[in-house]
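Undergrad: build me a model from this:
(one chain, ligands or ions: 1)
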Amino acid sequence: MTIRPNSIEARDTAFHLHGYTNPAAHLEIGPLVIERGDGVHVFDNQGNKYIEAMAGLWSAALGFSETRLVDAATKQMKALPYYHSFAHRGHTPAAELADTLVNMAPGNMSKAFFTNSGSEAIDTAIKLIWYRSNALGKPEKKKILVRNRAYHGVTVAAAALTGLPANHASFDQIVPTLRLTCPHYWREGLDGETEEQFTNRLAEELENMIVAEGPETIAAFFGEPVLGAGGVVTPPKGYWAAVQKILKKYDILLVADEVICGFGRTGQMFGCNTYDITPDMMTLSKQLSSSYMPSSALLMNERVFEPLMNEANKIGTLGHGYTGSGHPVACAVANETIRIIREDNLVEHAAAMGEHLRAGLNNLSDHPLVGEVRGVGLIAAVELVTNKETKTALEKPGKLGLQTNALAIENGFFSRPMMDAMAFCPPLIIQTHEIDDLLGRFEKTLDQSLAQLQKDGHQ
Ligand code: PMP
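TA: This is a model prediction of the structure:
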């Protein structure tokens, strides 16, 4: 694309440093400027229409034109556009949201702490877990168990928990983490190993690591019920039951990172419901407010809250909190989002739409480029390969994903390449005919990507 002088593309290219973008390539390519949204579609400033099959960043649960959220935000803006929650101050939207979240969450939660992004919720969880260990007179209990391919955010502490190479390369790390194998059966399962055997091997790895490191030095295990950005990795059978049993045995807290899974994505309200997980803490964001406002929350049970309450009481205050914690407009939008999800039965709808989507993707299993189709509820991924036997793509991992993604954009839909896997995570409101439209465009994209490989002499 040629970038016209003084255009919005030129200004963006000149002045805007984009996250998760190659800055040098951006100087050449410029931005794809998205101008407006309508349901599950967005439009660029050239008038091109795209199916947003990622709901933005796994997040716009209600699509891109829900007027009830606009009205809730407007009403709150007029009544009280900002207030904080320090020094015993409160307001209705935050109290209402805390009550709603604590009571709808699994695991006997006790309190909600509000933050503004998934990363902040994770950072807060780490800080409060360390604070709790100190409160309990166990200052050595600080290490955090995490999995390869995990995504927990990018702030200084959260990035250390994330298990993806680009988040660590050339960035310094400060959190003591212990890294476990990703529960990715298709990728990590050994030849001839059953799913149950794979689960048992991972459980053994976890227990051996805890014993070798010393359980008294390990504070918590952080995990996404379904790993999102690491490739939409659904756990093997029995995985979460095995993990929870071991954590209980060694008195290690379990933090469920529900930033993607929460609010219906996995076909039940939370990923914890889908996989029978009883966490001590939960991080929530994205679909919490349908991402119309930045918003996130950290829930904790009494096992976490009580010692930190006692410690803060000794000190005189809980020395943690953000200017935007429990922002009234964000909370009002989140309250309305949850009301809509409940009133419109969007969790059940997402489960039904997810089945339709995955059935359609499974129909493409015989395509020469499809290595695996995986998913649960309304979140799925298609692993692209050039060799089904060796489960490998082109010589450079991620190249086939990028090539296919570029064709997807030309074909009018947004997926997301995670190395060579293409992700699908559309708004919960998507309808059958829109999924059929998406599947047709995806099949065409796969055919074009294959033709491109053949043209380039790869197949
Ligand atoms: N946890 C999970 C599971 C996520 O998917 C993300 C974002 N993709 C985060 C944490 C971080 O959220 P944010 O980008 O809002 O900081």
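Undergrad: for the stretch 51-200 of the chain, give the residue positioned nearest to the ligand.
TA: Residue nearest to the ligand within the stretch 51-200 of the chain: G118 (2.2 Å; C-beta to the nearest ligand atom). (Each C-beta comes from the backbone N, C-alpha and C, glycine too.)
Undergrad: got it, and the stretch 201-350 of the chain?
TA: V259 (3.5 Å).
Undergrad: what's the nearest residue to that residue if we skip its chain neighbours?
TA: Excluding the flanking residues, the one nearest V259 by C-beta to C-beta, 6 or more residues apart in numbering is G118, at 4.0 Å.
Undergrad: quick check: that neighbour vs K249, distance?
TA: As defined by C-beta to C-beta, to the nearest Å, G118 lies at a distance of 29 Å from K249.
Undergrad: compare the two and say which is more crowded by neighbours.
TA: G118 (27 against 11; other C-beta atoms under 10 Å).
Undergrad: can you list the residues of the chain near the ligand?
TA: Residues of the chain found near the ligand (C-beta under 6 Å from any ligand atom) are 57, 117-119, 122, 151-153, 224, 228-229, 257, 259-260, 285.
Undergrad: next, the buried residues of the helix of greatest length in the chain.
TA: With secondary structure taken from DSSP state H, the chain has its longest helix at helix 432-455. In terms of neighbour count (16 or more other C-beta atoms under 10 Å), helix 432-455 has its buried residues at 434-435, 437-439, 441-443, 445-446, 448-450, 452-453.
Undergrad: next: stretch 63-71.
TA: Across stretch 63-71, burial judged by 16+ other C-beta under 10 Å covers 63-66, 69.
Undergrad: so what pairs up with M300 in the strands?
TA: Applying DSSP bridges to M300 yields these beta-bridge partners: K111, M281.
Undergrad: surely it meets M281?
TA: Yes - counting by C-beta atoms under 8 Å, M300 does reach M281; the two are 4.8 Å apart.
Undergrad: between the two, which contacts overlap?
TA: Common neighbours of M300 and M281 are listed as L128 (criterion: C-beta atoms under 8 Å, 6 or more residues apart in numbering).
Undergrad: quick revisit: ok, the residue of the stretch 51-200 of the chain closest to the ligand - contacts?
TA: 152-153, 158, 257, 259, 283, 285-286, 296.
Undergrad: and what of R187?
TA: By C-beta under 8 Å, 6+ apart, R187 lies in contact with 231, 391.
Undergrad: so is it in a helix, a strand, or just coil?
TA: Counting by DSSP: H, G, I helix; E, B strand; the rest coil, the backbone at R187 sits in helix.
Undergrad: now the one 10 residues further on
TA: Following three-state DSSP, we place Q197 in the helix state.
Undergrad: that one: what's it in contact with?
TA: By C-beta under 8 Å, 6+ apart, the contact list for Q197 is empty.
Undergrad: gap between it and G371?
TA: Going from Q197 to G371 by C-beta to C-beta gives 21 Å.
Undergrad: repeat for L318
TA: 48 Å.
Undergrad: can you give me the neighbour number for the closest residue to Y250 other than its chain neighbours?
TA: Closest residue to Y250 apart from its sequence neighbours, by C-beta to C-beta, 6+ apart: P215 at 3.9 Å. Using other C-beta under 10 Å, P215 has 16 neighbouring residues.
Undergrad: which stretches of the chain have low pLDDT?
TA: 1, 459 (pLDDT under 70).
Undergrad: list the contacts of A380.
TA: Counting by C-beta under 8 Å, 6+ apart, A380 has contacts 232, 354, 357-358, 361, 373-374, 423-425.
Undergrad: assign it to helix, strand or coil.
TA: A380 is classified as strand under three-state DSSP.
Undergrad: so which of the residues of the chain next to the ligand sit within helices?
TA: Among the residues of the chain next to the ligand, the members falling in helices (DSSP H) are 118-119, 122.
Undergrad: closest to A169 among the residues you listed?
TA: Taking C-beta to C-beta as the measure, A169 sits nearest to S119 out of these, at 18.0 Å.
Undergrad: if I look at that closest one, how far off is G153?
TA: 3 Å.
Undergrad: overlap in contacts, these two.
TA: A159.
Undergrad: the residue of the stretch 201-350 of the chain closest to the ligand contacts T283, correct?
TA: Yes - with contacts counted by C-beta under 8 Å, V259 reaches T283, the gap being 5.6 Å.
Undergrad: tell me which element G137 falls in.
TA: For G137, there is no host helix or strand (DSSP states H and E).
Undergrad: what's the neighbour count on it?
TA: The number of residues packed around G137, counting by other C-beta under 10 Å, is 8.
Undergrad: before we move on, what about Y20?
TA: Around Y20 there are 9 residues (other C-beta under 10 Å).
Undergrad: next one: it from D123, what distance?
TA: Using C-beta to C-beta, one gets 19 Å for the distance from Y20 to D123.
Undergrad: again with N22
TA: 26 Å.
Undergrad: neighbour count winner among these two?
TA: The residue with more neighbours, out of N22 and D123, is D123; 24 against 10, by other C-beta under 10 Å.
Undergrad: how is the chain divided into domains?
TA: As given by automatic domain parsing, the domain ranges for the chain are 32-65+345-455, 68-343.
Undergrad: for E9, which of these is the nearest?
TA: domain 32-65+345-455 (6.5 Å).
Undergrad: and L202, what does it touch?
TA: 180-181, 183, 236, 239, 242.
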